[in-house]
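# Output the structure for:
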Amino acid sequence: ADGDTDTASVKLVSSEDTEDVAQFNILDDGPSAGLTDAEVDKAQLNEIELTVDESALQQANPADNVADRVSSADFTSLFKVVGVGGVTATDLYGTDGAGSVDYSLSLTNSSDTTVSGVQSGLFALGANGAKGAEILLSEVNGTIVGTAGGVTYFTISNTGTNVTFTQSENVWHSDATDHDDTESLVLSQLNNVDVSINLTQTVTDADGDTSKASVKLASSDTTEDVGQFNIKDDGPDAGLNATAVTDAQGNNITLTVDETEGVDSPADDNGDRSSKADFSSL
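I've put the predicted structure just below:
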C-alpha cells in the first residue's frame, strides 16, 4: 500500500540456453505434389496408349503419331497443375512461394528401389522369324531402355509430362497368321516383387523443399497401369502388277507342246513335248 516493489524474472530465451524456460518455433510450409485422382482412375480403366508400327514409313494416327516408329502421349491431366481444376500456386508450392516443377521416369520395385533387368514380355526377332531372347528393361540417364543381346530395341523417354515410345529394332510377334498383330509391354515381377515404370512429378518450393507424386505407366500389377505400350507387326504384302495382268488377259502367255515325235519349234521350247513360260512380270 505504500508503494514498495519487488520483482522476479525467468529467461524465456537467452544466450545461455540452459536457463531458457521457453522455445519459439516456426514450422515450414512445404510444397504439395499431387495427382488428380479421378483422372488417374479413368486412365487405369482405359489406359493411355502409345503405339508404334513396324511397317515402313510413318503410319496413320494413333500409331506412329510423331514419326516412323515413334509415338507419344501427354499425361498432364493425371497431375495437379497450377491453373487447372482450381489448383492455385499456394496449393502446389505452399506459402514459401513458387520454385519449380519437374517430371522424370524411373524403373523401381514396390520399395521405390531402382532396379534393372526387368522382363518386358517382348522378345527379340530371332533367325528366320523365330522367337529370340526376352527384351530386358533398365533405366539409363532418365530413359527406360529395352535391350537384348546388347541391342537396343526400344526406349521410353519424357519431356515434362509428354512420354515418347521409340522403336529401333523389330520384335518377335506371336501370331504368324495376322500380319498386323500387336505385342504389348507386360512387365514381370523381379524376385517376386512388383516393379513399375513411373512418371514422377517433383515440386520444389522457393526455399528448396520438395514433394513428389507418381503414376505407374506400366507395372507387373497391371491394375495400376495408366499407360499401354504397343508394337504392331509388319507382314509381307503379296501383290500383282495390274497392268501386266491386264495385258496377259488380252494376250495370253502361251505354252504349247507338240505330240509329233521330236522337238517341234516354236512348240516344245523346253524339249520334246515340254514348254515353259515366265510369269514373274505379273
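# And the strands in the stretch 151-282 of the chain?
With strands called from DSSP state E, counting those that start in this stretch, the stretch 151-282 of the chain shows them at 151-159, 162-167, 182-184, 195-205, 210-219, 227-232.
# I'd like these laid out as a markdown table, including mean pLDDT.
Putting the strands of the stretch 151-282 of the chain into a markdown table (pLDDT from 0 to 100) gives the following:
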| stretch | mean pLDDT |
| --- | --- |
| strand 151-159 | 98 |
| strand 162-167 | 98 |
| strand 182-184 | 95 |
| strand 195-205 | 97 |
| strand 210-219 | 97 |
| strand 227-232 | 96 |
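# Between these, which one is closest to Leu137.
Closest to Leu137 of the strands of the stretch 151-282 of the chain is strand 195-205 (CB to CB; 7.5 Å). C-beta: built from backbone N, CA, C; applies to glycine.
# ok, that closest one: who's next to it in the sheet?
In the sheet, strand 195-205 lines up against strand 98-109 (antiparallel), strand 210-219 (antiparallel) (DSSP bridges).
# hmm, back to that, could you export the strands of the stretch 151-282 of the chain as CSV, including distance to Ser14 and mean neighbour count?
CSV is the format used below for the strands of the stretch 151-282 of the chain (distance: least, CB to CB, whole Å; neighbours: other CB atoms under 10 Å):
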stretch, distance to Ser14, mean neighbour count
strand 151-159, 53, 18
strand 162-167, 56, 21
strand 182-184, 68, 17
strand 195-205, 33, 22
strand 210-219, 35, 21
strand 227-232, 59, 23
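# Out of those strands, which gets nearest to Pro62?
Evaluated over the strands of the stretch 151-282 of the chain, closeness to Pro62 peaks at strand 227-232, with 9.2 Å, by CB to CB.
# ok now that closest one, how far from the chain's centre?
Centroid separation for strand 227-232 versus its chain: 7 Å, with CA atoms, centre = their mean, to the nearest Å.
# what packs against it?
Applying 3 or more CB pairs under 8 Å, 6 or more residues apart in numbering; DSSP states H and E, one finds that strand 227-232 contacts strand 48-53, strand 162-167, strand 182-184, strand 210-219.
# 7 Å instead?
strand 48-53, strand 182-184, strand 210-219 (3 or more CB pairs under 7 Å, 6 or more residues apart in numbering; DSSP states H and E).
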